[in-house]
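J.: return a 3D structure for these sequence lines:
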Amino acid sequence: MASRKNSDSEPASVFGNVVAFLATAVVAGIVAAGLLVPPAAAAGMAANASIGWFKSLPDEMEMGPLSRSSTVVARDGTEIATFFAQNREPVALEDMSEDMQHAILAIEDREFYDHGGVDAGGIVRAMGNNILRPSARQGASTITQQYVNNLLIDQQVRAGEQASTIGSDKGVVDKIKEIKLALSMEQEMSKDEILEGYLNIVLFGGQNYGVEAAAQYFWGIPASQLNVQQSATLAGMVQSPNYYNPQVNPEASEQRRNLVLDTMVQTGAITQQEHDQAVAAPLDLDIHTTNSGCSAAATAPYFCDYVQNEVLQSEAFGATPDERLATLQRGGLTIHTTLDMDAQRVAEREVEKTQPRDNNPDNVSTALVSLEPKNGHIAAMAQNTSYSGEESASNTTYNFNVDTTMGGAGGFQVGSTYKPVTLAQWINAGKGVKATIDARRTSYPADFKWTASCLPGGVKYEPGEDGNGLSFQNATRGYERQMQVDYGLYNSINSALFAMAADLDLCDIGEMSEDLGIHDGKTGEPVDTTILSSLLGGSVDIAPMTMARAFSAFANDGVLCEVRSMTKVEDFTGKTYEIPSDKCERAIKEEVAQGVNYTLEQVLTRGSGYQRDIGLSGASAAKTGTTDNSTQTWMMGYTKGLSTASWVGNYELGSRSLNGLSIGGRTGGTGTDWVDGSTYAGEQWQNFMNEVARDYDTSQFSDPPSSVLSTNK
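T.: Below is the predicted model:
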């Protein structure tokens, strides 16, 4: 077997130092003779100047970290996705099979353990050939030189520069610089360290860099288990990684492999019998594709996309978008996230159950997102599409749950799920939820004075579409009567909502909406509540994430937390990146949240969502939402532990009614052809919360004070 120095051996043998000296002399002499520099430069360069120029070249290089893939993991450590420009997993030399080490030495550098970094004889041979036969150029790079070259390339790419040291693009000056750096490297590193570094950086076809990634890709095994024929196959690829790729060109790869096996016999690395057995063996590939990015995520691809957008928009990972992308693809990050894999699996199952993506004749869209009110952590995020840019009705890279700035669809009209904002301002203004209001009116004349302190004159007039004022109708007839505020809200009565608004300042409702973090998912602008249709959730598009966060403030006694997807980001060296920590601030008064909870609890027991109760009386609350003609439907519901937005509607066909469509193999609603928020969106929410909510805090909501339960108006 071929000998190999121990990892604690001297950086180079005595003989190697002699060879290094000779190599330096040869190179310097060649430079002085003008044979390696362009003729025009040689003509004006004296011998001493040439040698001085050679000495001025750098003899040390920055040994920066290699490009490494980054991994996104769930809160329990489960891998969600990897990001890489170069698929690489560096391992120690002892974790690479000796067959692999022997194979690469046999075909690339038989004298590796004896030279000082440069093969002087090889340089002279190659130069002679290249002068006499310029059309058939030869190289003379040792493994040390190849390692230097690969490091230089990696540094340039990481810095966002065009690599200037690759193959035919490599100039004479680049080659001489490489030689000098190789000589220096041999003085600073042991042979084993150089071999280990080389085998971790070299390309083995496609995006697979280093023997570990290559072994995993081609055979699904670690580099330590590579056998003779597998090792020879990989070693043979180094000369031309794509041409000799066994997956792409198996015949050429096998021929090259057998050539490597021949050299291994010649060096004594293997016996003739081992050679013959390996030559007779098939390539026997077992491809394990490792795709980069969220499209390869088997679970939570849209959550992955949200995390990716956060990284690419955060200056913690680089000053420019290109720098941030390089950090993500090459920085070897481990991105720890808030995702609860158990909750995520349930969410994905339920959105798919509501309307399967691959059997969706009417192109109905579904989505669900769930947050923890106490800290804003995203627990689950799902939708019934495949994360892909390929043309297909079931494919999209748009995230239905978030704003456009975060790669999202930008939201949808939210219908009556916006009504609790008006309720919150009603309580905030000192009015009681047991107050009686006149909900008989379904119209207000054009000259009706709606209080709006933020507008000129402090008044808003609503002429309506026909100039005759505001007119509307209730979803169900028979509710045009006097009633208590809480009754009007948990039954989602439009006439009750406008009766409340008529007694409030529209601008104050807008401020309440802003305090709850509600905004247009496409423009980022706050909701203009002086537009009366906005009070019914009809003037802007709002993302499910935004609504889940707003309702989380009710669950959290008025404290609103920033949404978080990441809890910790560190690279392979242990360096941590500064990311936002939990940030929670009081958004509304505690008694306001308590009053909203008291009212919305009744939605699940005797209101518009009574059939969606989850068996947590006093510890769960919700609000249904249905836009005009049932184009978008919602169920917003929460416990102390989870705030969940469930949406079923139209992503691309926003004005189309859901009534009469095939949804999950059914048509229409439950017992009726009319689809509302409690139908599909409600069932989706109910199924998810029934299975997941009890894994989180389900303690009782605190009772509101008597002033909130009063009849004050």
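J.: for the rest of this, base every contact and every neighbour count on C-alpha atoms.
T.: OK.
J.: need the contact list for the closest residue to Ser699 other than its chain neighbours.
T.: Nearest-residue entry for Ser699: Ala619, 5.8 Å, with adjacent residues in sequence omitted and distances by CA to CA, 6 or more residues apart in numbering. Neighbouring residues of Ala619 by CA atoms under 8 Å, 6 or more residues apart in numbering: Glu601, Thr639, Lys640, Thr698, Ser699, Gln700, Phe701.
J.: count of neighbours near the second one?
T.: Here the neighbour count serves as a burial measure; for Thr639 (other CA atoms under 10 Å) it reads 31.
J.: just the last one next, same as before
T.: Close neighbours of Phe701, defined as other CA under 10 Å, add up to 22.
J.: so Ala103, which of the three states?
T.: Taken by DSSP: H, G, I helix; E, B strand; the rest coil, the conformation at Ala103 corresponds to helix.
J.: should've said Asn359
T.: Secondary structure, three-state DSSP: Asn359 is coil.
J.: next one: Ile80
T.: strand.
J.: which ones are touching it?
T.: Thr71, Val72, Val73, Ala74, Ala297, Ala298, Thr299, Ala300, Pro301, Cys304.
J.: and those residues, which is closest to Thr417?
T.: Set against Thr417, the nearest of these by CA to CA is Ala300 (26.0 Å).
J.: any idea how far Ala81 is from that closest one?
T.: Distance, Ala300 to Ala81, by CA to CA, to the nearest Å: 9 Å.
J.: check Arg441 too.
T.: From Arg441 to Ala81 the distance is 55 Å (CA to CA).
J.: settle it for me: which of these two has more neighbours?
T.: Taking other CA under 10 Å, Arg441 and Ala81 do not tie; Ala81 has more neighbours (25 against 17).
J.: my guess is the more buried one contacts Cys304. True?
T.: Yes. Between Ala81 and Cys304 there is a contact at 7.2 Å, judged by CA atoms under 8 Å.
J.: joint contacts of these two?
T.: Residues touching both Ala81 and Cys304 by CA under 8 Å, 6+ apart: Val72, Cys294, Ala297.
J.: so in terms of bridging, what pairs with Trp634?
T.: With DSSP bridges as the criterion, Trp634 is bridged to Gly625, Trp647.
J.: got the contact list for it?
T.: By CA under 8 Å, 6+ apart, the contact set of Trp634 is 414-415, 417, 624-626, 645-648, 676-678, 681-682.
J.: out of those residues, flag the one nearest to Thr667.
T.: For the contacts of Trp634, the minimum distance to Thr667 (CA to CA) is 12.7 Å, reached by Asp676.
J.: surely that closest one touches Asn629?
T.: No. Asp676 lies out of contact with Asn629 (CA under 8 Å); the separation is 9.2 Å.
J.: please say which of the two ends up with more neighbours.
T.: Between Asp676 and Asn629, counted using other CA under 10 Å, Asp676 has the larger neighbour count: 30 against 14.
J.: now Leu661: how far from Asn650?
T.: 11 Å.
J.: for stretch 448-457, how far is the first residue from the last?
T.: 14 Å.
J.: name the surrounding residues that touch that stretch.
T.: 458-462, 469, 502, 504-508, 530.
J.: likewise stretch 546-553?
T.: 369-373, 376, 402, 516-519, 559-561, 563, 587-588, 593, 636-638, 642-645.
J.: so which of these are in strands?
T.: Mapping the contacts of stretch 546-553 onto strands (DSSP state E) picks out Val369, Ser370, Leu371, Val559, Leu560, Cys561, Met636, Gly637, Tyr638, Ser643, Thr644, Ala645.
J.: state the pair within those that is farthest apart.
T.: Across those, no pair lies farther apart than Val369 and Val559, at 19.4 Å, counting by CA to CA.
J.: what about the strands in the stretch 251-400 of the chain?
T.: 333-337, 365-371, 378-383 (DSSP state E, counting those that start in this stretch).
J.: re the thing from before, which of Val369 and Val559 has more neighbours?
T.: Shown here are Val369 and Val559; by other CA under 10 Å, Val369 has more neighbours (28 against 22).
J.: quick check: beta-bridge partners of that one?
T.: In this structure, Val369 bridges to Met381, Ala645 when assessed by DSSP bridges.
J.: how near is it to Leu497?
T.: Distance, Val369 to Leu497, using CA to CA: 27 Å.
J.: do Ala439 as well
T.: The gap separating Ala439 from Leu497 is 8 Å, by CA to CA.
J.: do Tyr147 as well
T.: For Tyr147 relative to Leu497 (CA to CA), the value is 72 Å.
J.: now Arg586
T.: For Arg586 relative to Leu497 (CA to CA), the value is 26 Å.
J.: more neighbours, the two?
T.: Set Arg586 next to Leu497 and count neighbours by other CA under 10 Å: Leu497 wins out with 22 against 15.
J.: of the strands of the stretch 251-400 of the chain, which is nearest Ser657?
T.: Ser657 sits nearest to strand 365-371 of all the strands of the stretch 251-400 of the chain, at 12.4 Å, using CA to CA.
J.: what angle sits between that closest one and strand 378-383?
T.: 180 degrees (axes from the mean of the first three to the mean of the last three CA atoms, to 10 degrees).
J.: show me what strand 365-371 is in contact with.
T.: In contact with strand 365-371 (CA under 8 Å, 6+ apart) are residues 347, 351-352, 354-355, 377-385, 400-401, 544-545, 548-549, 552, 563, 642-651, 681, 685.
J.: got a winner among the contacts of Ala619 for most neighbours?
T.: Busiest of the contacts of Ala619 [other CA under 10 Å] is Thr639, holding 31 neighbours.
J.: find the nearest non-adjacent residue to that residue, please.
T.: Nearest residue to Thr639, sequence neighbours excluded (CA to CA, 6+ apart): Ser620, at 4.6 Å.
J.: show me what contacts that neighbour?
T.: Glu601, Leu604, Ile614, Gly637, Tyr638, Thr639, Lys640, Thr698, Phe701.
J.: who touches the nearest residue to the second one once chain neighbours are set aside in this structure?
T.: Which is Leu604. Of all residues not flanking Leu604 in the chain, Tyr610 sits nearest, at 4.3 Å (CA to CA, 6+ apart). Contact analysis of Tyr610 by CA under 8 Å, 6+ apart lists Gln602, Val603, Leu604.
J.: if you rank the residues you listed by neighbours, which is first?
T.: Greatest neighbour count in the contacts of Tyr610, by other CA under 10 Å, goes to Val603: 27 neighbours.
J.: so what pLDDT did that one get?
T.: What the model reports for Val603 is a pLDDT of 98.
J.: can you verify my assumption that it contacts Ser617?
T.: No. Assessed by CA under 8 Å, Val603 is found out of contact with Ser617, at 11.0 Å.
J.: can you list the weak-confidence ranges in the stretch 551-700 of the chain?
T.: Within the stretch 551-700 of the chain, the stretches with pLDDT under 70 are 668-673.
J.: now with 80, please.
T.: Applying pLDDT under 80 to the stretch 551-700 of the chain picks out residues 654, 668-673.
J.: now do the strands in it.
T.: Ranges of strands within the stretch 551-700 of the chain are 559-561, 566-571, 584-586, 621-626, 632-638, 643-649, 662-663, 666-667, based on DSSP E, counting those that start in this stretch.
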